[in-house]
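Colleague: sequence? don't have it. structure:
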């Protein structure tokens, strides 16, 4: 294969990996503090993309045209909006069900995902069809043989990585992060030590969901199209990536995200079937990986307590 | 033991209760008829309000009469079957309500299958629609190749169970959230695959002919002597037989050592293994039985509809099946019937909410889980041989 | 059931020399953590052995390895002259080892009878066709099982036998423990492992439960018991011999009084009290 073509695949794969990693980090954070899986997380990504899109439309109507301002506003609206959504989910859906069987939390979040999808499909103007997402980033590009280095994609990769690193720094280096890690280690002890458990949970959900909101905007800016059902695929892949990397570990989630992007890229190149099968392949990979390593490649910290 | 004398005494005092219980079933039948037959939004709202009121106010008096019926499981089942038959005859010239009745009964079959998996054995399955769809597509392919229809229906179940065995390894190796993820991935994979695969009709789907049981042509109107009935009466008979069979089957499983093993596995896998219960075996049995029932229901549904397409079997449809379980009361096959009736018929009747149904189900299930997680008819403590005075 | 105990009594006396359970070099590692460190331990037929040690010394891990929930990283386990190392939990149970759990693992929504029957599962027919289609035969098995469960519960306490068809979740703590022990005894095991039976109970309840256990033991003299406890008076009263674990190895062994006087044992406990 031509080196340029190869580089192109790697470049696109990295972009995909960044998006998946942003989603996976949320899963891993939530699991860390509460031992729950928020199955609607993929749909939070989708909702973030649509909030960003709506913000763009609103600014357009208001006549704000400066690209930098628009991009900033779109990202902020998506991030803050989803942070709020995440906190609301934690406060009114996840925390009340703490004492109930895990199955109930699972179902509530699955149904919540369905609700988010349907809300967008039914109430976003023409929401049942794919929506064009504006190109807000400079579209300059450099051609190196068969390899096109696009400036907008480069910016997205860097922005995504910066946000992941920022979340990681918050968790590793700040007092808030210390509280999050304390709750993740042992919520009972953390509570005895005077940590406001509920607040930590809400903030964690806000941070993870904000990252998902950003991921939605990155997705939209990269593909220039969003649809109400993208959350299903993103959620399943994000969760699998978090599991493969070992739930509870941020580095694992990032690794898992890139692993999935790599598998998907290789699959789309190597498989002789049409690109229509891309998603079929992605889901099959999820099933196979789960069978192969049911608790992730990097083993989960605690074994079953007997 | 002096049990037999006591039981006989109890039976005598129950005969009055039994009469009341029978009258209640008849009333439910009348309600069902009105519910299926009405076209008016007002009447429908009134019926639902009436049912809700009866449910709330009847709850205190109900246990006595329920016990009277529960003590005679065979009679109770026959009474239920008879009631549905009478409703079907009363609706004989209204094809659309009959079609809805069939759909409800077939969904009951599929949900009983899921209930064995999820409600009893604790295997979460979010790919119910995929197994239902496997049965449907199997029927479409086999029927087109001239396989006799009874064999087609059976094969629908077998192929769905076989498709399930593809998933059995991941399902056995994973638990909880991870197992849920596997079935979700499979459910989405299934409908996506059908969309992109042209050899199975692609997004346009496939056409099927009506059922033919050795010359008994289901798609022909039935002569009842005094009048002709819509051909859907044939499908009511078949789906009712399947639903009753599945119901009795699930009940017997629950009231047995196998049902106990399922419960032990669901409630505490580690303790179950420590006391010698074959956890993997229980899961394989439950998963296979459940998928078989989904497949059978799917194949009959496909032949009844005469047309199937990938968007009948999406992940959203799987969530509907799970919603029925949750609304009815997980683990209780009896709850599935009213739940399926509400979830399937109400949006069909109220066309203006049809578009919003996924949204409404989502909200409904979230509210149930927050405020009444045990569902409409909560599962009862196991009584292996009811009415025998244990 | 007493008949079964009688037949086991004869060979038990002969086998007094060969221990019922013998572990050699038993090791369990979790990543870098060594929970059991080359543990050698034997239990004689008919003995009541106390297993004590500070928190995290590997007592429950030992039970988990023994019953097949964990796969030992090294070493061997011989039970009744048979190597049972690495067997699945189901096979260990079949071989005759039953246990209770520290954190009660009853199925609370199920009845007392159902919980006891979980322990009796090996003797029940659990084929799908049998259970669905041969209801008459199932009925006979069921009636027999109800009788057995009732008489087993009655050996503890008549009130418990009367509540056979109540949900286990409606019982109080001591009755739940009793049900747990019934579940472990219903299959007439040769070795019973009790993991901190006094956990979550008052002094008085603990004494009552221990009376019950001794009474059950009196009815089945061949039953061998290993008991993990933190309540030292329980250990003193119940056991003939104690093994003290610390950091997964045996630091002392012998009658309770001798062990309690041991300096190493006192330091192990003190060290934990200080930390």
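Modeller: Good, I have the coordinates. Since the structure is predicted, the reported quantities are computational estimates derived from the model, not experimental observations.
Colleague: which bits of chain C sit near chain A?
Modeller: With Cβ under 8 Å from any Cβ of the partner chain as the criterion, chain C meets chain A at residues C:30, C:60, C:64, C:69, C:101. From N, CA and C alone the C-beta is placed, and that goes for glycine too.
Colleague: mind putting those residues in TSV, neighbour count, pLDDT and secondary structure included?
Modeller: Formatted as TSV, the residues of chain C next to chain A follow (neighbours: other Cβ atoms under 10 Å in any protein chain shown; pLDDT from 0 to 100; DSSP: H, G, I helix; E, B strand; the rest coil):
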residue	neighbour count	pLDDT	secondary structure
C:30	13	85	strand
C:60	22	90	helix
C:64	27	92	helix
C:69	20	90	coil
C:101	22	92	coil
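Colleague: quick one: the helices in the stretch 1-150 of chain A?
Modeller: Counting by DSSP state H, counting those that start in this stretch, the stretch 1-150 of chain A has helices at residues A:3-34, A:41-62, A:67-89, A:102-123.
Colleague: nearest to chain C, out of the ones you listed?
Modeller: helix A:102-123 (13.6 Å; Cβ to the nearest Cβ).
Colleague: what is the closest one packed up against?
Modeller: Contacts defined by 3 or more Cβ pairs under 8 Å, 6 or more residues apart in numbering or on different chains; DSSP states H and E place helix A:102-123 against helix A:41-62, helix A:230-245, helix B:176-196, helix B:315-328, helix B:357-371.
Colleague: return the most buried member of those.
Modeller: helix A:230-245 (a mean of 28; mean count of other Cβ atoms under 10 Å in any protein chain shown).
Colleague: that helix and chain B, are they touching?
Modeller: Yes: Helix A:230-245 comes into contact with chain B (Cβ under 8 Å from any Cβ), by way of A:232, A:233, A:236, A:239, A:240, A:243.
Colleague: am I right that the third one is in contact with residue B:182?
Modeller: No: at 10.0 Å, residue A:236 and residue B:182 do not qualify as touching, with contact defined as Cβ atoms under 8 Å.
Colleague: touching both of the two, which residues are there?
Modeller: Taking Cβ atoms under 8 Å, 6 or more residues apart in numbering or on different chains as the contact rule, residue A:236 and residue B:182 both touch residue A:286.
Colleague: quick check: residues of the stretch 201-350 of chain B near chain A?
Modeller: For the stretch 201-350 of chain B, the residues in contact with chain A (Cβ under 8 Å from any Cβ) are B:270, B:315, B:316, B:319, B:322, B:323, B:326.
Colleague: next one: whichever residue of the stretch 51-200 of chain C sits closest to chain A from residue C:30, what distance?
Modeller: For the stretch 51-200 of chain C, the residue closest to chain A is residue C:64, as judged by Cβ to the nearest Cβ, at 5.4 Å. Going from residue C:64 to residue C:30 by Cβ to Cβ, to the nearest Å gives 11 Å.
Colleague: try residue C:226
Modeller: For residue C:226, the distance to residue C:30 - Cβ to Cβ - is 22 Å.
Colleague: secondary structure element holding residue C:250?
Modeller: Element membership of residue C:250 [criterion: DSSP states H and E] is strand C:249-254.
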